[in-house]
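# Predicted model and sequence follow; I will ask about them next.
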Amino acid sequence: MADEVRIDFTGGRRMIKAMERDSGPFARMYKQWAAMYSTEMRRRFMRQGDGEWPPLKQSTKKGRRRGGGSAKILRDTGSLFKALSIGSRGNHTKPIKNGIRFGFGGSTHSGGFTFRRLAITHQIGLGRNLPRREILVHPDRYPALVARMLKAAGRAFKGPF
């Protein structure tokens, strides 16, 4: 009978160091998460906030049709929708410590508004004339997305380290 147990934590130490520097499999995992989230938020946008967005006023629809624009919510120019794609104008996707940041930023959209400011305006709403229409929501609202993200995390934790 042995009076001690020896455990080799060499692989564990390498894994912890890889996590701390956000490199290797973890850097790939964060990029995968951003791509998965981007895809889900684009789908949500196409479904007009999964039916949560208040409808456009009839006068807005009428004016857009007359001007040749879209009567779909937040689709008059399509620029916010396009900015949900990683690498597109107005998109802000950046690695951060232990994760990745995804959202809007960068260039000016129109009228001096940046994409970020325009998105925030719609995200929080400004009252009766501009109701709240959430564009980015927490991944927990989409269990299938969370499952895909966990699967990517599982692959990252398997190595190599």
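Yep, it's here. Residues are numbered from 1 along each chain as shown.

# and residue 147, what helix or strand is that in?
Residue 147 is part of helix 143-157, with elements assigned from DSSP states H and E.

# Would you mind pulling the contact partners of the longest helix seen in the chain?
Taking residue count as the measure and DSSP state H as the definition, the longest helix of the chain comes out as helix 25-46. Taking C-beta atoms under 8 Å, 6 or more residues apart in numbering as the criterion, the residues outside helix 25-46 that touch it are 18-19, 22, 50, 74, 80-81, 84-86, 93, 95, 99-100, 102, 135-137, 139, 142, 145, 148-149, 152-153, 155-161. All C-beta spots, glycine's among them, are computed from the backbone N, C-alpha and C.

# returning to what we had before: any chance you could list what contacts the helix holding residue 147?
Contacts for helix 143-157 (C-beta under 8 Å, 6+ apart): 15, 25-26, 28-29, 32-33, 36-37, 40, 139-140.

# try 6 Å
Residues external to helix 143-157 that are found in contact with it (C-beta atoms under 6 Å, 6 or more residues apart in numbering): 25-26, 29, 32-33, 36, 40, 139.
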